[in-house]
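Asker: Requesting a structural model of the entry that follows:
(one chain, ligands or ions: 1)
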Amino acid sequence: MSMIKCISPVNGEVYAERPAMPLDLAKQVVSRARQAQKAWARRPLDERVNLVLAGVARLNEMVDEVVPELAWQMGRPVRYGGEFKGFNERSNYVATIAADALKPLVIEESDRFERRIAREPHGVVFVVAPWNYPYMTAINTVAPALMAGNTVIIKHASQTILVGERMVRAFVEAGVPSDVFQNIFLDHETSAALIAAKSFDFVNFTGSVEGGRSIERAAAGTFTGLGLELGGKDPGYVMEDADLDAAVDTLMDGATYNSGQCCCGIERIYVHEKLYDAFVEKSVAWVSNYKLGNPLDPETTLGPMANKRFAATVREQIADAVAKGAKALIDPKLFPQDDGGAYLAPQILVNVDHSMAFMREETFGPAVGIMKVKSDSQAIELMNDSQYGLTASLWTRDAERAARIGADIETGTVFMNRADYLDPALCWTGVKETGRGGSLSVIGFQNLTRPKSYHLKKVTA
Ligand code: NAP
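Answerer: Alright, predicted model coming up:
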């Protein structure tokens with residue numbers, strides 16, 4: 001039996017392992033989910049919503065275990081207290097809009113006709129989740145999917161192998177029936193085989209572009225609905241009228257928080273030439289304040305990357321950019337804890353350009369490139385010169401100018417004077433190779449349900 005292992009970035013040792021489930025047993029999990037689904041969907045919406053919220057509350061009670069467990073699994077410093085803020089905010093918000101989002105669209109209700117479009121749950125939803133924000137990315141789909149009357153099977157990343165298990169434990173302890181929300185440990189082949197066998201009515205995959213491609217291939221010809229929330233290379237653009245300190249603070253945080261392992265982390269910044277020198281100087285000072293170290297130490301503000309192979313990618317990209325003429329501004333002596341492995345010093349590169357992989361490929365680490373620009377049109381061209389399209393962050397005091405630029409930007413979200421935040425009232429989505437997801441908001445509910453039309457002619461005579 002093959003084992004799925006989490007190698008901890010804290011010490012490079014196996015922190016947790018679980019046996020991968022063989023296909024025949026996995027099919028039984030799916031079959032239980034299918035059998036439970038209709039009864040779950042028949043329960044009143046309020047009951048489903050309240051049970052999901054009870055699961056969320058139960059997970060909050062586990063905070064003392066969740067926070068160090070996260071640090072061991074993927075390196076998040078304990079001082080940040082896990083992901084509870086976003087996890088709770090998103091769950092609570094979707095609970096408040098569930099009734100409205102799921103209510104039928106009534107076209108006619110007269111003596112002669114009843115015509116309406118109802119929202120029906122898909123059935124069994126498969127959630128494949130990444131390790132970088134393992135609770136928050138999962139809850140984006142798990143909460144609305146369950147509220148809408150689907151049953152859910154979650155497969156979590158190997159790096160955060162305990163997260164799906166813990167979420168399910170919390171929800172089931174809070175009263176969600178055990179066949180309604182199940183955790184499963186799977187290797188890629190078995191996941192693909194299940195999808196190809198049309199086991200699921202909807203699959204939500206959050207992860208890399210390559211992973212998304214594999215899921216799409218596995219689903220080919222099955223007509224299974226897919227949500228694909230994939231990688232990003234999100235830009236920031238600081239205009240000459242920006243609030244400089246706020247821009248530095250938010251963009252540097254967006255570039256480096258969680259060791260830069262955010263799907264919507266800031267990976268490249270374009271600064272108007274009038275503010276460029278000041279922006280770079282303040283950014284270097286901001287980043288130099290980090291304390292890199294063991295995430296279990298409450299003093300640590302920057303943990304290791306989740307895995308030394310992720311840090312190796314960042315190191316390679318930086319080395320390649322420097323070999324091509326980029327300049328690294330953060331003095332490595334400030335970060336003696338950088339061990340050449342998972343513990344990686346943050347970095348800011350200037351003299352960068354789009355011939356470098358560092359400015360084109362997803363870096364997914366605490367490193368960012370800054371380029372000088374002369375005009376909005378140059379900034380727009382550079383921001384759009386990417387295979388990805390998740391978010392873009394514009395910094396200006398002129399909302400009309402930001403709206404004009406925003407209209408020309410090829411991303412799922414445009415921010416003005418903020419970055420790196422998922423607003424649960426807005427649709428989380430991307431364009432280009434960032435995939436075709438659409439989670440949270442009313443649209444998230446629509447994607448986790450299907451329309452069903454009722455066209456009822458009344459007998460009047
Ligand atoms: P990943 O390697 O693609 O893995 C994501 C999940 O998919 C894991 O559970 C992984 O399982 C599974 N998986 C990967 N390839 C698979 C395959 N061929 N068949 C079946 N399952 C497969 O991505 P990651 O490294 O965990 O996450 C980082 C990536 O996610 C980054 O690119 C980031 O930008 C992206 N992301 C995007 C969003 C968004 O909202 N757009 C949010 C968060 C993260 P194993 O761990 O067992 O391989």
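
Asker: SS state for the closest residue to Ile266 other than its chain neighbours?
Answerer: Spatial nearest neighbour of Ile266, excluding adjacent residues (C-beta to C-beta, 6 or more residues apart in numbering): Gly254 at 3.9 Å. Backbone N, C-alpha and C define where each C-beta goes, glycine included. Per DSSP: H, G, I helix; E, B strand; the rest coil, the secondary structure class of Gly254 is helix.

Asker: Look at Gly254 and report its pLDDT.
Answerer: You'll see Gly254 listed with a pLDDT of 98.

Asker: what's near enough to touch it?
Answerer: 234, 236, 262, 264-266, 393, 419-420 (C-beta atoms under 8 Å, 6 or more residues apart in numbering).

Asker: how about a cut-off of 7 Å?
Answerer: Neighbouring residues of Gly254 by C-beta atoms under 7 Å, 6 or more residues apart in numbering: 265-266, 393, 419-420.

Asker: could you pick out which of those residues are near the ligand?
Answerer: Among those, none lies close to the ligand by the criterion of C-beta under 6 Å from any ligand atom.

Asker: These in strands, which ones?
Answerer: Using DSSP state E, the members of the contacts of Gly254 that fall in strands are 266, 393.

Asker: Of all pairs in the contacts of Gly254, which one spans the longest distance?
Answerer: Within the contacts of Gly254, Gly265 and Ser393 form the most distant pair, 10.6 Å apart (C-beta to C-beta).

Asker: quick one: the residue nearest to Ile266 from Thr449, how far?
Answerer: Per C-beta to C-beta, to the nearest Å, Gly254 is found 33 Å from Thr449.

Asker: cool, and Ser91?
Answerer: 18 Å.

Asker: now the strands for the stretch 151-300 of the chain?
Answerer: With DSSP state E, counting those that start in this stretch, the ranges of strands along the stretch 151-300 of the chain come out as 151-155, 181-183, 202-206, 225-229, 234-238, 266-272.

Asker: These into CSV, with extra columns for mean neighbour count?
Answerer: Listed next are these as CSV, based on neighbours: other C-beta atoms under 10 Å:
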stretch, mean neighbour count
strand 151-155, 27
strand 181-183, 24
strand 202-206, 27
strand 225-229, 23
strand 234-238, 29
strand 266-272, 26
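
Asker: okay, the ones you listed in JSON lines with mean pLDDT next?
Answerer: Output for the strands of the stretch 151-300 of the chain, formatted as JSON lines (pLDDT from 0 to 100):
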{"stretch": "strand 151-155", "mean pLDDT": "99"}
{"stretch": "strand 181-183", "mean pLDDT": "98"}
{"stretch": "strand 202-206", "mean pLDDT": "98"}
{"stretch": "strand 225-229", "mean pLDDT": "98"}
{"stretch": "strand 234-238", "mean pLDDT": "98"}
{"stretch": "strand 266-272", "mean pLDDT": "98"}
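
Asker: got a list of what the nearest residue to Leu226 once chain neighbours are set aside touches?
Answerer: Spatially, and ignoring its direct neighbours in sequence, Leu226 is nearest to Val203 (5.4 Å; C-beta to C-beta, 6+ apart). The contact partners of Val203, taken as C-beta under 7 Å, 6+ apart, are 126, 128, 195, 215, 219, 224, 226.

Asker: Val203 pairs with what?
Answerer: Following DSSP bridges, Val203 is listed with bridge partners Phe126, Leu226.

Asker: can you list the residues of the chain near the ligand?
Answerer: So far as C-beta under 6 Å from any ligand atom goes, the chain lies against the ligand at 128-132, 137, 155-159, 188, 191-192, 206-208, 211, 214, 229-232, 263, 362, 364, 390, 428, 430, 434.

Asker: Cross the residues you listed against helices and list the overlap.
Answerer: 137, 188, 191-192, 211, 214 (DSSP state H).

Asker: Of those residues, which is the most crowded?
Answerer: Highest neighbour count within those: Thr137, with 30 neighbours (other C-beta atoms under 10 Å).

Asker: ok, Met356 - how many residues close by?
Answerer: Look at Met356: counted by other C-beta under 10 Å, it has 21 neighbours.

Asker: how close does the closest residue to it other than its chain neighbours get to Leu296?
Answerer: Spatially, and ignoring its direct neighbours in sequence, Met356 is nearest to Ala321 (4.4 Å; C-beta to C-beta, 6+ apart). Distance, Ala321 to Leu296, by C-beta to C-beta: 32 Å.

Asker: One more: Phe171?
Answerer: In terms of C-beta to C-beta, Phe171 sits 27 Å off from Leu296.

Asker: So which of those two has more stuff around it?
Answerer: Phe171 (27 against 16).

Asker: OK, contacts around the residue nearest the centre of the chain?
Answerer: The structure's the chain has its C-alpha centroid closest to Thr137; by C-alpha atoms, centre = their mean the separation is 4.5 Å. Contact analysis of Thr137 by C-beta under 7 Å, 6+ apart lists 129-130, 206.

Asker: make it 8 Å
Answerer: Thr137 sits next to 129-130, 206, 229, 263 when contact means C-beta under 8 Å, 6+ apart.

Asker: Now do it against Phe87, distance only.
Answerer: When distance is defined by C-beta to C-beta, Thr137 is 10 Å away from Phe87.

Asker: What of Lys27?
Answerer: Distance from Lys27 to Phe87, by C-beta to C-beta: 31 Å.

Asker: More neighbours: which of the two?
Answerer: With neighbours defined as other C-beta under 10 Å, Lys27 and Phe87 compare such that Phe87 has more, 23 against 16.

Asker: and the more buried one, what pLDDT?
Answerer: Each residue has a pLDDT score; the one for Phe87 is 97.

Asker: Can you name the next helix or strand after the helix or strand hosting it?
Answerer: In this assignment (DSSP states H and E), Phe87 forms part of helix 84-102. Helices and strands here follow DSSP H and E; after helix 84-102, the next one along the chain is strand 105-109.
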